[in-house]
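Asks: Dropping the sequence and predicted coords here.
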Amino acid sequence: LDELKKTSLAFDPSLLLETGAAKMESKYVIDCASKQDEGPIHCVAIAGEKVKWESTVIVVS
C-alpha cells in the first residue's frame, strides 16, 4: 500500500478527509485487447485510515 501511495499520480494526502469511503464504480476499457493485457489488476481506495482493495484477473480469449 505504501508503494502504491508513493507511485500514484492520483494520490494526494492533502485531499484525505475523515468522512469515510464513498461508493464508486469504474470500467476499465482496453481497445483491441491482446494476450499482453492479461493478468491481475488491482484497485485501491483510501479514505483517511480506511483502505479498500479489490482485485480481478483480465483474461483474453
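Replies: Alright, I've got the coordinates.
Asks: For the rest of this, base every contact and every neighbour count on C-alpha atoms.
Replies: OK.
Asks: Using just helix, strand and coil, how would you label Gln36?
Replies: helix (DSSP: H, G, I helix; E, B strand; the rest coil).
Asks: Report the contact partners of it.
Replies: Gln36 makes no contacts at all, as judged by C-alpha atoms under 8 Å, 6 or more residues apart in numbering.
Asks: how close does it sit to Ile58?
Replies: 10 Å (C-alpha to C-alpha, to the nearest Å).
Asks: beta partners of Gly39?
Replies: Ile58 (DSSP bridges).
Asks: Actually, Trp53.
Replies: Applying DSSP bridges to Trp53, the residues it is bridged with are Val44.
Asks: hang on, it packs against Ala47?
Replies: No - counting by C-alpha atoms under 8 Å, Trp53 sits too far from Ala47 to count as a contact (11.8 Å).
Asks: Looking at these two, which is more packed in?
Replies: With neighbours defined as other C-alpha atoms under 10 Å, Trp53 and Ala47 compare such that Ala47 has more, 16 against 10.
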